[in-house]
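Trainee: how would this look folded up:
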Amino acid sequence: MAAPIVHAGLEVLYTRDQIARRVAEMGEQISRDFAGQKVVLVGVLKGATIFLADLARCISLDATFDFLSTSSYGKGHQQSGEVKLLKDVDHSVEGQNIILVEDILDTGLTLTYLHRVLNAHQPKSLKIAALLDKPARRIQKIEGDYIGFTIPNKFVVGYGLDYAERYRNLPDICVIPPSALGDE
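Mentor: This next block holds a predicted model:
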């Protein structure tokens, strides 16, 4: 087993074991909800890649992947308020069961935008799977269909989540203290 990654100055909010258990439960629920059907997991780059990979291995259905990419944060931790689509899905998802896979449901701006983009592709169904939900910051009224954990209004990193492209590789979800946050 690899040596643990150092989380210097970070508070662990959810351990890798807690995350693994919850992701497995989410995969089982999706498998029940779509029993006998195919699903397309559409991950939001880059943050959702680790979550999508683990979730996919917990789904006992015929599942394919595709990815979207957006821009709304820049290099810091403050969302700009404007969401831009940088990459749309590569393959037609018309008539497919889509599960939009996101690392965190925060303000709702990005997921509301992507929900509209994917609905324009005329899927059979469209659900949202978010590892984390931070309802205290919600601006747009949108809810996830599959939520891993509801978290307080704290800035979190790890398990794909980043701060200025750092910390994505942490196996746990950690809180960055407010004193360490500053626009770079």
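Trainee: neighbouring strands of the helix or strand bottoming out on mean pLDDT in the chain in the sheet, and parallel or not?
Mentor: In the chain, no helix or strand scores lower on mean pLDDT, DSSP states H and E than strand 84-87, which sits at a mean of 90. Strand 84-87 has these partner strands in its sheet, going by DSSP bridges: strand 62-71 (antiparallel).
Trainee: residues making contact with the strand it pairs with?
Mentor: 38-46, 52, 56, 83-91, 93, 110, 113-114, 117-118 (Cβ atoms under 8 Å, 6 or more residues apart in numbering). (Glycine included, C-beta is placed from N, CA and C.)
Trainee: so which of these are in strands?
Mentor: Among those, the residues falling in strands (DSSP state E) are 38, 39, 40, 41, 42, 43, 44, 45, 84, 85, 86, 87.
Trainee: quick one: the helix ranked longest in the chain to chain centroid distance?
Mentor: For the chain, the longest helix by residue count, based on DSSP state H, is helix 16-33. Here helix 16-33 is found 14 Å from its chain centre; the criterion is Cα atoms, centre = their mean, to the nearest Å.
Trainee: helices or strands up against that helix?
Mentor: Helices and strands touching helix 16-33, by 3 or more Cβ pairs under 8 Å, 6 or more residues apart in numbering; DSSP states H and E, are helix 49-57, strand 125-133, strand 146-150.
Trainee: name the residues of the last one that are buried.
Mentor: Using 16 or more other Cβ atoms under 10 Å as the test for burial, strand 146-150 gives 146, 147, 148, 149.
Trainee: work out the sheet partners of that strand and label each with its direction, please.
Mentor: Going by DSSP bridges, the partners of strand 146-150 are strand 125-133 (parallel).
Trainee: hmm, back to that, return the distance of the least confident helix or strand of the chain from the chain's centre.
Mentor: Distance, centroid of strand 84-87 to centroid of chain: 16 Å (Cα atoms, centre = their mean).
Trainee: can you pull the buried residues of it?
Mentor: Using 16+ other Cβ under 10 Å as the burial criterion, none of the residues of strand 84-87 qualify.
Trainee: convert it to PDB, retaining C-alpha atoms only.
Mentor: The C-alpha coordinates for strand 84-87 follow below in PDB (Å, rounded to 0.1, in the frame of the first residue of the first chain):
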ATOM      1  CA  LYS A  84     -18.700  28.800 -20.300                       C
ATOM      2  CA  LEU A  85     -18.800  25.400 -22.100                       C
ATOM      3  CA  LEU A  86     -15.300  24.500 -23.000                       C
ATOM      4  CA  LYS A  87     -16.100  20.900 -24.200                       C
END
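Trainee: contacts for it next, please.
Mentor: Contacts of strand 84-87 (Cβ under 8 Å, 6+ apart): 45, 67, 68, 69, 70, 71, 72, 113, 117.
Trainee: from those, keep the buried residues only.
Mentor: By neighbour count, with 16+ other Cβ under 10 Å, the contacts of strand 84-87 hold 67, 68, 70, 72, 113, 117 as buried.
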